[in-house]
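Chemist: Based on what follows, work out the 3D shape:
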Amino acid sequence: MQPFLDSTDFLHDGAELHLRMDRDGYLFIRGLLPAAVVEDLRMQILEIARAAGWVQTGRPLADAVADLNGFCVEPEPEYMQKYHAMYSLPEFHAIQHHANVMGLFERMCGEPVLPHPRIIGRTIFPQREAFTTPPHQDFIPIQGTADTYTAWIPLGDLPTELGGLQVAAGSHRRGVYDFQPAMGAGGLEVLDPLDGTWAYSPFQKGDVLIFHSMTVHKGMPNSSDRLRMSMDARYQKVSEPIAPGSLEPHSQPSTWEEVYADWPDLDLKYYWRKWDLEVREYDNSYHDKRDEMAIKMAREGDARAISTLQRIIARNENPDRRQEAEALLAALQEPADA
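Modeler: Next comes the predicted model:
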């Protein structure tokens, strides 16, 4: 595995940033965000995590030592309830609007840029490798324009034992890859191993990894004793189409009114409404295919279907499909609970 190609020295060279993104499908920028801004948000989130029972109370909060008795994952209700509290922090949303980040995207894209309202937070418990995010492409859940970019922002230093994110350099040039249901965030994995393309480097607080929506990427196992926290912020040209889901909160079924309930009167509220955006309807065929595959796998007793079944239960609009997923999930989990 090769280290990330460091693009920090070209931060103010829009043409070079565009060239590297087009060639490699990613940019790695050291210290793009001020460490103090990242640390302030990190501590606010850890306060919520401590109240949720996710960190050990007898250890310094800043150490983020996990309490495995509180283990839960998206989209389980126990996780989503506490995640909503994190998601409602004004600082959680403000970080994607930081001038350093916006400036980079505007230089690289050469025109006004829209940060997606749907920013996503991740809290990864240690020693739960089965739930490590599998290799996948962001285009399937995002859609709209393929030229959407994710800024992956770790909330704190990430040495190798805490894991982080790997990208498959150049993988964005081959369209949507074949996939199958899998455990972890998103509930699917790319089947192509993409040998010889993977890149990774440890992160320091303030570093940001940016990649194209077609770039295949995956999480690394958290083998430490601490929580790993990060954020996904998405950006695109204002002139490009956007899918309706990208304009909604991630901590569903909450609404923006619920997210903003305790906010001061900030300009960040509903900021995207100042543009006349082209909203392109979502293509559900990818998730329909994933769900059908997961149902078949679950009927055959394949536990890799669990994460997809949980998503069907939490988000599918068909009550019969939800009921079927509930029964299959119970059957898959029964041996582990016995």
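Chemist: Please name every helix or strand in contact with the top strand by length along the chain.
Modeler: When every strand of the chain is counted residue by residue (DSSP state E), the longest turns out to be strand 228-237. In terms of contacts (3 or more C-beta pairs under 8 Å, 6 or more residues apart in numbering; DSSP states H and E), strand 228-237 is packed against helix 35-51, helix 99-109, strand 113-115, strand 120-124, strand 149-154. For glycine as for every other residue, the C-beta is placed from the backbone atoms N, C-alpha and C.
Chemist: Now tell me what touches the helix or strand bottoming out on mean pLDDT in the chain from outside.
Modeler: Least confident helix or strand, the chain: helix 319-337 with a mean of 84, by mean pLDDT, DSSP states H and E. Residues from elsewhere that reach helix 319-337 (C-beta atoms under 8 Å, 6 or more residues apart in numbering): 291, 295, 298-299, 301, 303, 305-306, 309-310, 312-313, 316.
Chemist: Counting neighbours, which bits of that helix end up buried?
Modeler: Neighbour counts over helix 319-337 (16 or more other C-beta atoms under 10 Å) mark 322, 324-325, 328-329, 332 as buried.
Chemist: and which of the contacts of helix 319-337 is nearest Lys205?
Modeler: Among the contacts of helix 319-337, Gln310 lies closest to Lys205 (C-beta to C-beta), at 31.7 Å.
Chemist: residue contacts, the closest residue to the closest one other than its chain neighbours?
Modeler: Nearest residue to Gln310 in three dimensions, chain neighbours excluded: Pro75, at 5.6 Å (C-beta to C-beta, 6 or more residues apart in numbering). For Pro75, the residues meeting the contact criterion (C-beta under 8 Å, 6+ apart) are 310-311, 314-315.
Chemist: same thing but 7 Å
Modeler: 310-311, 314 (C-beta atoms under 7 Å, 6 or more residues apart in numbering).
Chemist: how about low-confidence regions in the stretch 151-300 of the chain?
Modeler: Judged against pLDDT under 70, the low-scoring parts of the stretch 151-300 of the chain cover residues 252-253.
Chemist: mind running it again at 90?
Modeler: Within the stretch 151-300 of the chain, the segments meeting pLDDT under 90 span 182-188, 251-254, 264-267, 284, 287.
Chemist: And the helices in it?
Modeler: Applying DSSP state H, counting those that start in this stretch to the stretch 151-300 of the chain gives helices spanning 256-259, 285-299.
Chemist: Give me the residue at the spatial middle of this structure.
Modeler: The centre of the chain sits closest to Asp232, judged by C-alpha atoms, centre = their mean, with a distance of 4.5 Å.
Chemist: That one touches Ile120, doesn't it?
Modeler: Yes - with contacts counted by C-beta atoms under 7 Å, Asp232 reaches Ile120, the gap being 4.2 Å.
Chemist: What's opposite the residue nearest to the centre of the chain in the beta bridge?
Modeler: Ile120, Trp152 (DSSP bridges).
Chemist: now that we're looking at it, how far away is Pro159 from it?
Modeler: Counting by C-beta to C-beta, to the nearest Å, the separation of Asp232 from Pro159 is 21 Å.
Chemist: tell me the secondary structure for the nearest residue to Trp272 once chain neighbours are set aside?
Modeler: Among residues not flanking Trp272 along the chain, Pro117 sits closest, at 5.6 Å (C-beta to C-beta, 6+ apart). Counting by DSSP: H, G, I helix; E, B strand; the rest coil, the backbone at Pro117 sits in coil.
Chemist: What count of nearby residues applies to Pro117?
Modeler: Applying other C-beta atoms under 10 Å, we find 21 residues neighbouring Pro117.
Chemist: what's the answer for Leu41, then?
Modeler: 24.
Chemist: Check whether it really touches Ala94, as I assumed.
Modeler: No - with contact defined as C-beta under 7 Å, Leu41 does not reach Ala94; the gap is 8.6 Å.
Chemist: Can you give me the end-to-end span of stretch 195-215?
Modeler: Start to finish, the residues bounding stretch 195-215 are 14 Å apart (C-alpha to C-alpha, to the nearest Å).
Chemist: any idea how far that stretch is from the chain center?
Modeler: 13 Å (C-alpha atoms, centre = their mean, to the nearest Å).
Chemist: Check stretch 297-306 too.
Modeler: 24 Å.
Chemist: Could you give me the buried positions within that stretch?
Modeler: Buried residues in stretch 297-306, defined by neighbour count with 16+ other C-beta under 10 Å: 297-298, 304-306.
Chemist: Check stretch 163-179 too.
Modeler: Per 16+ other C-beta under 10 Å, stretch 163-179 contains these buried residues: 163-172, 177, 179.
Chemist: Equivalent analysis for stretch 84-101, please.
Modeler: Residues of stretch 84-101 classed as buried: 84-90, 92-93, 95-96, 98, 101 (neighbour count, 16+ other C-beta under 10 Å).
Chemist: so what's Ala169 up against?
Modeler: Ala169 sits in contact with 24-26, 197, 199, where contact means C-beta under 7 Å, 6+ apart.
Chemist: Nothing else from me, thank you.
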